[in-house]
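Asks: have a look at this fold, sequence not included:
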């Protein structure tokens, strides 16, 4: 079968054997082909292939991950230009490997969409157009498989480099043909593309790609790990109301390295929930060798939804829903995770009252402390939980990990996180709070809202430190203010956007 397909492809570059079904493709020339945000190998590979096939331009919606960078270098291809930096005509755009508005590049005009080539389900957030467009959505394991098959269907010559990048895309999205999303179409196209690209060892290529992805994870910040492959889905409940779910995936050959960072990853998953106004936020650490997953749960609502969807037990040390869930033979967001979550929500899932009450507290965030009532806006719900739950033991550990990652080199190591007493070298929060800071000190720390200032992938450089006014009559107070200023500066500098909005007087 594969041999006959290869023989049907023209050997002459840019030469097409005309057939009647060649005219079925209706994507205009000079169209931009662009994948989804949190760009992966399949979205880039399919965009490159489609741009060559239809005579268009390829653009990237966001920065490329290390697996994609490796594959492009392996096949001798240049990295595509970012969409916002492209200076050419943007009036015609074809979406590759996605169909949800939440996954579209921010600067893309929805009226310019003239096509969709994808292999994902059509859900509530599917893009809407005011005119008919070209759509090719198939239940296959990879968008690259669809593009490769279209080459063969219209008998268009596939250059070895293009065949190679399409091959890499299929291997990536199907986990080397081991994912439950894999179809016979994917297996057949892998055989065809491997022959055309002169790839003698498919397993070796897949291993190199996965190694490139896994090795880079060790050097990424917790934020980059959590949002690197995160997608947002709008799912209708039984009453037709939309619920927003954020679901991130970390595919790795070394899951232990990621599990050791669970504390800091939990904080980032909670942060994404607040910043993107999500109803639920998940992160799955996928072992692409054993084909198992560890699902991170940041609260009771996530834990309850996961239990109803996956029928597995939750490991929560403090019995507060914050913990993990081990899932065997579940690795695909498209086929395993999101469909089950969608089914539970559509069937009438309701979070328990304590979970709803807790969520409401996280949104209001009015915390009583020693020096009075402080109204704060937090992007870190996990840190908010710490104060609301009065520094429970499990929460203290999460704050400690937040402190350690906020300042590389342990800049907060001398500050003991505790509600009372002092069990370490430095002053506790209670000691700092005993000397009330001046309101104007925090007024200067106010920053634009998250909705108007997107969070960068890399931490910003910390702003210059502002020295608190000296007070020779109270050295302890001055020391406390300096330590507190350092904490605020470190948090802002790490991009965690801990914003102190207003400090009122004592009641």
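Replies: Good, I have the coordinates. Just so you know, these numbers come straight off a predicted model, no measurement behind them.
Asks: can you pull out the strands in the protein?
Replies: Assigned by DSSP state E, the chain shows strands spanning 32-34, 57-60, 81-82, 93-96, 113-118, 134-137, 230-236, 242-252, 280-287, 292-298, 322-328, 366-369, 372-378, 498-503.
Asks: what sits against residue 69?
Replies: Counting by Cβ atoms under 8 Å, 6 or more residues apart in numbering, residue 69 makes contact with 79, 212. Where C-beta positions appear, they are placed from N, C-alpha and C, glycine not excepted.
Asks: before we move on, the earlier item: out of the strands of the chain, which gets nearest to residue 206?
Replies: strand 242-252 (11.9 Å; Cβ to Cβ).
Asks: and the closest one, which strands flank it?
Replies: Using DSSP bridges, strand 242-252 pairs in its sheet with strand 230-236 (antiparallel), strand 280-287 (parallel).
Asks: thinking again about what came up before, may I see the strands of the chain organised as a markdown table, with mean neighbour count added?
Replies: Shown next, in a markdown table, are the strands of the chain (neighbours: other Cβ atoms under 10 Å):
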| stretch | mean neighbour count |
| --- | --- |
| strand 32-34 | 29 |
| strand 57-60 | 23 |
| strand 81-82 | 16 |
| strand 93-96 | 28 |
| strand 113-118 | 23 |
| strand 134-137 | 16 |
| strand 230-236 | 20 |
| strand 242-252 | 21 |
| strand 280-287 | 25 |
| strand 292-298 | 24 |
| strand 322-328 | 19 |
| strand 366-369 | 13 |
| strand 372-378 | 17 |
| strand 498-503 | 18 |
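Asks: pLDDT of stretch 106-124, averaged?
Replies: Taken as a whole, stretch 106-124 carries a mean pLDDT of 92.
Asks: list the contacts for residue 126?
Replies: Taking Cβ under 8 Å, 6+ apart, we find residue 126 in contact with 99, 100, 101.
Asks: on that earlier part again, to residue 188, which of the strands paired with strand 242-252 lies closest?
Replies: Comparing the strands paired with strand 242-252 by Cβ to Cβ, strand 280-287 comes nearest, at 25.3 Å.
Asks: now that closest one: mean pLDDT?
Replies: 94.
Asks: give me the angle between it and strand 292-298.
Replies: 150 degrees (axes from the mean of the first three to the mean of the last three Cα atoms, to 10 degrees).
Asks: contacting residues for residue 290?
Replies: Per Cβ under 8 Å, 6+ apart, neighbours of residue 290: none.
Asks: quick check on it: phi, psi?
Replies: Main-chain torsions, residue 290, degrees, to the nearest 10: phi -90, psi -10.
Asks: okay, the strands paired with strand 242-252 in a markdown table with distance to residue 40 next?
Replies: Formatted as a markdown table, those follow (distance: least, Cβ to Cβ, whole Å):
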| stretch | distance to residue 40 |
| --- | --- |
| strand 230-236 | 10 |
| strand 280-287 | 13 |
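Asks: now the strands of the chain as JSON lines including distance to residue 217?
Replies: Formatted as JSON lines, the strands of the chain follow (distance: least, Cβ to Cβ, whole Å):
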{"stretch": "strand 32-34", "distance to residue 217": "25"}
{"stretch": "strand 57-60", "distance to residue 217": "20"}
{"stretch": "strand 81-82", "distance to residue 217": "23"}
{"stretch": "strand 93-96", "distance to residue 217": "25"}
{"stretch": "strand 113-118", "distance to residue 217": "27"}
{"stretch": "strand 134-137", "distance to residue 217": "31"}
{"stretch": "strand 230-236", "distance to residue 217": "14"}
{"stretch": "strand 242-252", "distance to residue 217": "6"}
{"stretch": "strand 280-287", "distance to residue 217": "10"}
{"stretch": "strand 292-298", "distance to residue 217": "14"}
{"stretch": "strand 322-328", "distance to residue 217": "18"}
{"stretch": "strand 366-369", "distance to residue 217": "34"}
{"stretch": "strand 372-378", "distance to residue 217": "27"}
{"stretch": "strand 498-503", "distance to residue 217": "25"}
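Asks: of all those, which one is nearest residue 165?
Replies: Of the strands of the chain, nearest to residue 165 by Cβ to Cβ is strand 57-60, at 10.3 Å.
Asks: what pairs with that closest one, parallel or antiparallel?
Replies: Strand 57-60 has these strand partners (DSSP bridges): strand 32-34 (parallel), strand 81-82 (parallel).
Asks: indicate which one of those is closest to residue 236.
Replies: Among the strands paired with strand 57-60, strand 32-34 comes nearest to residue 236, with 27.2 Å by Cβ to Cβ.
Asks: pull the residues that contact the closest one.
Replies: If you take Cβ under 8 Å, 6+ apart as the criterion, strand 32-34 is touched by 46-48, 50-51, 54, 56-61, 83, 86, 88, 90, 92-96, 105, 108.
Asks: so where's the stretch 301-450 of the chain shaky on pLDDT?
Replies: 353-450 (pLDDT under 70).
Asks: one more pass at 50, please.
Replies: 354-450 (pLDDT under 50).
Asks: where do the helices sit along the stretch 101-250 of the chain?
Replies: For the stretch 101-250 of the chain, applying DSSP state H, counting those that start in this stretch gives helices covering 143-153, 160-173, 184-197, 202-217, 222-227.
Asks: same for the third one, what does it pack against?
Replies: By that I understand helix 184-197. If you count contacts as 3 or more Cβ pairs under 8 Å, 6 or more residues apart in numbering; DSSP states H and E, helix 184-197 packs onto helix 2-8, helix 143-153, helix 160-173.
Asks: and the longest one, what does it pack against?
Replies: In this case it means helix 160-173. Right, helix 160-173 is packed against helix 41-54, helix 66-74, helix 143-153, helix 184-197, helix 202-217 by 3+ Cβ pairs under 8 Å, 6+ apart.
Asks: again, but for the second one
Replies: Counting contacts by 3+ Cβ pairs under 8 Å, 6+ apart, helix 143-153 packs against helix 41-54, strand 113-118, helix 160-173, helix 184-197.
Asks: nearest to residue 175, out of the strands paired with strand 242-252?
Replies: Of all the strands paired with strand 242-252, strand 280-287 sits nearest to residue 175, with 8.4 Å by Cβ to Cβ.
Asks: and the angle for that closest one with strand 322-328?
Replies: Using the same axes, to 10 degrees, strand 280-287 lies at 50 degrees relative to strand 322-328.
Asks: next, the angle from strand 280-287 to helix 202-217.
Replies: Computed by the same axes, to 10 degrees, the angle separating strand 280-287 from helix 202-217 equals 130 degrees.
Asks: so residue 134 touches residue 50, yeah?
Replies: No - look at residue 134 against residue 50 with Cβ atoms under 8 Å: they stay out of range, at 10.9 Å.
Asks: overlap of the contact sets of these two?
Replies: 27, 94.
Asks: please consider this matter closed, and thank you.
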